[in-house]
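Chemist: here's a sequence, model it:
(2 chains)
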There are 2 protein chains.
Amino acid sequence: MTSIGGFEIDPRLDLVLERTVEVRPALVWKAWTEPEHMKPWFCPRPWSLAECEVDLRPGGKFLTVMRSPEGEDMPAEAGCYLEVVPERRLVWTAALGPGYRPIAGGDLPFTAAILLEPHGEGGTRYTAIAIHRDEAGAEQHEAMGFHEGWGTALDQLVEYVRTW
Amino acid sequence: MTSIGGFEIDPRLDLVLERTVEVRPALVWKAWTEPEHMKPWFCPRPWSLAECEVDLRPGGKFLTVMRSPEGEDMPAEAGCYLEVVPERRLVWTAALGPGYRPIAGGDLPFTAAILLEPHGEGGTRYTAIAIHRDEAGAEQHEAMGFHEGWGTALDQLVEYVRTW
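Modeler: Alright, predicted model coming up:
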């Protein structure tokens, strides 16, 4: 077990993506928390983000609806934020809906954290963690392309915020 | 829908207990957050609290194991705290374990809130809310004696803290 940002990481249950990017934490934060700025980068192309709702407070709604290249919207149930520390720490879960109401959470309920730390001159140490209920959940998420998908999305985020 | 302490209450899904008690919020808080002080009152007698673990921070462990009058311990999975505002607001869930890890949460996963407000001279306005996934969960919790059980526990709490 290693501890990252206060999370006790269990390698059988948790997936971690660690990267350094050349944009400031403030810009990464903005791209992660404002719907109009999430749409351009959140889904690895040719997928896209069809809908996005953000109520940025603990217990507040977080909904993303992904659209396939064929134009089909994936079913999605709203999750909720758990921790909101501007420019540093964003934690949400798909196991609770708005107001912390328990939900079924689909077949892959997970909690996720984005941790940001300033790095060098204008860069960010970026850590994404996905926390699963069981090994099957972690394996399924990995097989769905967690590292590739979240990594590609981060590349798209960087490319997008550099246009600001 | 009514809003209580920021929670949008759905009468089909949520159970609410509202009471005024003649002990200060600071004492109610202590009784709710220190394991040695939870044991004397938490379960309506002749049930008792066999085990109690409290890691009082968002994401921290909250475990209670109830013991029947026959001495049998009920199976229990640890939940976690979501909000901790001393003497005012305690929110936790049985749908996430420590570190916000999604868990099965048994057959009755719910989120609960205890809200405290000073009332008159040395009293407390006490509100307990149980937030369920669906109507079946709320009905089951009500049938298990939510109002009677949580009310009796509160009576026991008041009786206990008056011995301090």
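Chemist: can you pull out the strands in chain A?
Modeler: Per DSSP state E, chain A carries strands over the ranges A:2-4, A:7-9, A:14-21, A:48-54, A:61-67, A:79-85, A:89-93, A:110-119, A:123-132.
Chemist: same list (the ones you listed) but as TSV, adding mean neighbour count, mean pLDDT and distance to chain B.
Modeler: Heads up, the C-betas are built off the backbone N, CA and C, glycines and all. Formatted as TSV, the strands of chain A follow (neighbours: other CB atoms under 10 Å in any protein chain shown; pLDDT from 0 to 100; distance: least, CB to the nearest CB, whole Å):
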stretch	mean neighbour count	mean pLDDT	distance to chain B
strand A:2-4	11	94	10
strand A:7-9	17	96	6
strand A:14-21	17	98	9
strand A:48-54	16	97	15
strand A:61-67	18	97	11
strand A:79-85	20	98	6
strand A:89-93	23	98	6
strand A:110-119	21	97	4
strand A:123-132	21	98	5
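Chemist: among the ones you listed, which is nearest B:A31?
Modeler: strand A:79-85 (26.0 Å; CB to CB).
Chemist: my guess is A:R57 meets A:V84, correct?
Modeler: Yes. The pair A:R57 and A:V84 passes the contact test of CB atoms under 8 Å, sitting 6.0 Å apart.
Chemist: any chance of TSV for the strands of chain A, columns distance to B:L63?
Modeler: TSV is the format used below for the strands of chain A (distance: least, CB to CB, whole Å):
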stretch	distance to B:L63
strand A:2-4	21
strand A:7-9	16
strand A:14-21	21
strand A:48-54	33
strand A:61-67	27
strand A:79-85	19
strand A:89-93	19
strand A:110-119	19
strand A:123-132	19
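Chemist: those strands: which one's closest to B:A78?
Modeler: Nearest of those (CB to CB): strand A:7-9, 13.2 Å.
Chemist: hmm, who's touching that closest one?
Modeler: With CB atoms under 8 Å, 6 or more residues apart in numbering or on different chains as the test, strand A:7-9 has contacts from A:1-3, A:14, A:16, A:113, A:129, A:131, B:99.
Chemist: now swap in stretch A:37-50 and tell me
Modeler: A:30-32, A:52, A:54, A:64-69, A:73, A:148-149, A:152-153, A:156-157, A:159-161.
Chemist: what are the buried residues along that stretch?
Modeler: Neighbour counts over stretch A:37-50 (16 or more other CB atoms under 10 Å in any protein chain shown) mark A:37-44, A:47-50 as buried.
Chemist: closest to A:V23 among the contacts of strand A:7-9?
Modeler: When these are compared for distance to A:V23 (CB to CB), A:A113 comes out closest, at 19.1 Å.
Chemist: residue contacts, that closest one?
Modeler: By CB under 8 Å, 6+ apart, A:A113 lies in contact with A:5, A:7, A:83, A:89-91, A:127-129, A:131.
Chemist: point me to the residue sitting farthest from the middle of chain A.
Modeler: Residue farthest from the centre of chain A, counting by CA atoms, centre = their mean, is A:E121 at 24.6 Å.
Chemist: measure it to B:P98 for me?
Modeler: A:E121 is 38 Å from B:P98, where distance means CB to CB, to the nearest Å.
Chemist: could you identify the longest helix within chain A?
Modeler: Ranked by residue count, the top helix of chain A under DSSP state H comes out as helix A:146-161.
Chemist: per-residue confidence at A:G106?
Modeler: A:G106 is assigned a predicted lDDT (pLDDT) of 66.
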